[in-house]
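Quick check, what structure comes out for this input:
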Amino acid sequence: MAKPINDADDLLQPLTLSGPSDPSVTPALSPVKTDTQFYNDQIAEAADAMDSLVKARSDADEQENSSLNVFSTIGGDQIPPKLALLQMEKEAEESIQKHSLGSGISRSLAPADSANDEDSPAPIGLGAGYGALADATHDPDAPTLIKSWEPQDAINKVRSGNDLSDLNDLDSPGSDAGMGHELNNGLISIKSLHIDDLLNMCVSSHASDLHITVGLPPMIRVDGSVIPLPCEVVMPREAQRLIFDILTEERIEKFERTKELDFSYGLKNVGRFRFNVYRQRGSVAAAMRAIPGKIPSLENLRLPPILRQLTHKHSGLILVTGPTGSGKSTTIASMIDVINTEQESHIMTIEDPIEYLHSHKRCMINQRELGSDTDSFHNALRAVLREDPDVILVGEMRDLETIAAAITLAETGHLVFGTLHTRSAPATIDRIVDVFPSHQQAQIRTQLATSLEAVVSQQLMPKVGGGRVAAIEIMVATSALRNLIREGKTYQINSVIETGAQFGMQAMDRILADLCRSGVITLAEAGPRAIDYQNFERLLKMT
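Numbering: from 1, shown residues only. Have a look, this model is predicted:
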């Protein structure tokens, strides 16, 4: 199979095709070109077309912003740039369609005497779910195979070094989401899909994310690995159609103006999703994060008991940090749900966008979304003091104004939750202080030492045997830690965390070593995530 479209240079690399699964069937070879050579030629043409399309878009945008009446030359004719762009886009899509994953390959693997046989059975409908596919390489008289697709099969292929284009070797997903959709050479036709279908496939496959980008099939992330759905390659127009179908005119206008868009989207009986829409190489792309409909409990997430104790605080700043996709939103949502269940308070959240939906339990809870309910985190935090809150969630502390407001709110008697993209507790302290000008940093250290209650830093990593597990570092603000923060001695914080188990503290390196020693994760996964690798190795050797 051919490699997916990632780069024009990659597309021109020699390909190796695997034969049909039935050893008794021998693929026919062209007397002039082998199937591999033919397919490489198609990919080369598609790569040239994509490069031409990107250049045409860039030229058209420049000419549109110019006051000059510039014309483009196509086939010897002088035509306006926008018309030239439309014509080149059409030609590019036709060229890319020639090597859509599955179409060219299925043709080249099919026996010559049956590839175009009108009596051959047509691809079947998706009777057993959206993944019931016909095997195009079987003898016409043989029974059609119905298969069930397992994401782990694709993950194993990726981890064993195979490229993502070996889609015909994978079965199709087993869900009702794609039932009745058109098949093209064993792959689900993109033209027959709505974005809701792809989101349904994502949830059915237990994936955390869905990605739409031109030149690849829709991709999903399962247990940390990005794998393809058994669909055709996405074309520029189809990428835009899939995403724009669910956008309001206001959101389309905002996206065209800013080239980026964040919003949440709910699908009945499936779940909620956080969308980020963006442009890449002139075409529309999107990343969608699946958000569980039910907020998991701290116990179900197997989080340390100290997190429940932290929810009993009446004021202060609690930070949950970690890289993107590490589960920060889920951890905070679970802690907020504990407060909502056990206390009688007013909870205000400011998010971009709203992810987990909280219902009113014992608490009154109001959720504000950036863009639709407020213009900025800073404006919302400035107004929140007049809204009588007890608990405040700041979705992301991304700039000086937001961080300063969160610290002030914590000082004024509110319990404030926030997130940062840092790897460890000491790095979190440094990040907050370094945001401010040098002449304010001493004051911020004093404020932070007074208001900070805890920092929870977490990482998600693949478990042995499938699934993912969280490794969590916890720093609780004791008197010793407050002094270190006030004096700027963050390099000593790790030592205090290591010796602070009686306060519920735990260090990242120790947790990684414990998980690795117990066989939950591999050394290859744990080592690169250690904060101090030498310390991690020392802890790993301890019994």
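
Could you list the low-pLDDT ranges of the chain?
Counting by pLDDT under 70, the chain contains low-confidence residues at 1-184, 543.

Could you list the domains of it?
Domain assignment for the chain by automatic domain parsing gives 8-291, 306-506, 508-543.

and the last one, which residues are buried?
Burial within domain 508-543, assessed by neighbour count using 16 or more other Cβ atoms under 10 Å, is assigned to 508-517, 520-521, 525-526, 529-531, 535-536, 539-540. For every residue, glycine as well, the C-beta is placed using N, CA and C.

Same question for stretch 287-298.
Quick answer for stretch 287-298 (16+ other Cβ under 10 Å): Ala287, Met288, Arg289, Ala290, Ile291, Ile295, Pro296, Leu298.

residues touching Pro353, list them.
Neighbouring residues of Pro353 by Cβ atoms under 8 Å, 6 or more residues apart in numbering: Asp262, Phe263, Ser264, Arg274, Phe275, Glu369, Leu370, Gly371.

Secondary structure element holding the first one?
For Asp262, the enclosing helix or strand under DSSP states H and E is strand 260-267.

ok, and what's touching that strand?
Contact with strand 260-267 is made by 196, 199-200, 246-247, 251, 254-255, 272-279, 288, 291, 352-355, 369-371, as judged by Cβ under 8 Å, 6+ apart.

Mind listing the strands that strand pairs with, and their directions?
Strands that pair with strand 260-267, judged by DSSP bridges, come out as strand 271-280 (antiparallel).

Would you mind pulling the contact partners of the helix or strand just after the partner strand?
Toward the C-terminus, strand 271-280 is succeeded by strand 283-291 as the next helix or strand (DSSP H and E). With contact meaning Cβ under 8 Å, 6+ apart, strand 283-291 is reached by 199, 202-203, 207-214, 236, 239-240, 242-244, 264-265, 271-279, 325, 329, 355-356.

how close does the nearest residue to Ile212 once chain neighbours are set aside get to Leu210?
In space, and not counting its chain neighbours, Ile212 is closest to Ala286: 4.7 Å by Cβ to Cβ, 6 or more residues apart in numbering. Separation of Ala286 from Leu210 (Cβ to Cβ, to the nearest Å) stands at 8 Å.

do Tyr278 as well
Tyr278 is 14 Å from Leu210, by Cβ to Cβ.

which of those two has more neighbours?
Comparing Tyr278 with Leu210 by other Cβ atoms under 10 Å, the one with more neighbours is Leu210, at 24 against 15.

Bridge partners for the more buried one, pull those for me.
Counting by DSSP bridges, Leu210 is bridged to Ile220, Met288.

which residues touch it?
Leu210 touches Leu198, Leu199, Met201, Cys202, Pro218, Met219, Ile220, Arg221, Phe273, Ala287, Met288, Ala290, counting by Cβ under 8 Å, 6+ apart.

can you do 7 Å?
Leu198, Leu199, Cys202, Pro218, Ile220, Met288 (Cβ atoms under 7 Å, 6 or more residues apart in numbering).

Drop anything exposed from the residues you listed.
Leu198, Leu199, Cys202, Pro218, Ile220, Met288.

Need the contacts of Pro353 in a markdown table (columns: neighbour count and distance to Met335).
Converted to a markdown table, these look like this (neighbours: other Cβ atoms under 10 Å; distance: Cβ to Cβ, whole Å):
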| residue | neighbour count | distance to Met335 |
| --- | --- | --- |
| Asp262 | 15 | 23 |
| Phe263 | 22 | 25 |
| Ser264 | 19 | 20 |
| Arg274 | 20 | 19 |
| Phe275 | 21 | 25 |
| Glu369 | 19 | 20 |
| Leu370 | 20 | 21 |
| Gly371 | 15 | 25 |
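
so how many other residues sit close to Glu344?
So Glu344, with other Cβ under 10 Å, has 10 neighbours.

Wait, it touches Lys361, no?
No - the pair Glu344 / Lys361 is not scored as a contact, 9.8 Å apart, by Cβ atoms under 7 Å.

and the helix or strand in which Val455 is found, what does it pack onto?
Per DSSP H and E, Val455 falls inside strand 452-462. Applying 3 or more Cβ pairs under 7 Å, 6 or more residues apart in numbering; DSSP states H and E, we find strand 452-462 packed against helix 306-310, strand 316-321, helix 328-342, helix 425-435, strand 468-476.

cutoff 6 Å now
For strand 452-462, the elements it packs on are strand 316-321, helix 425-435, strand 468-476, judged by 3 or more Cβ pairs under 6 Å, 6 or more residues apart in numbering; DSSP states H and E.
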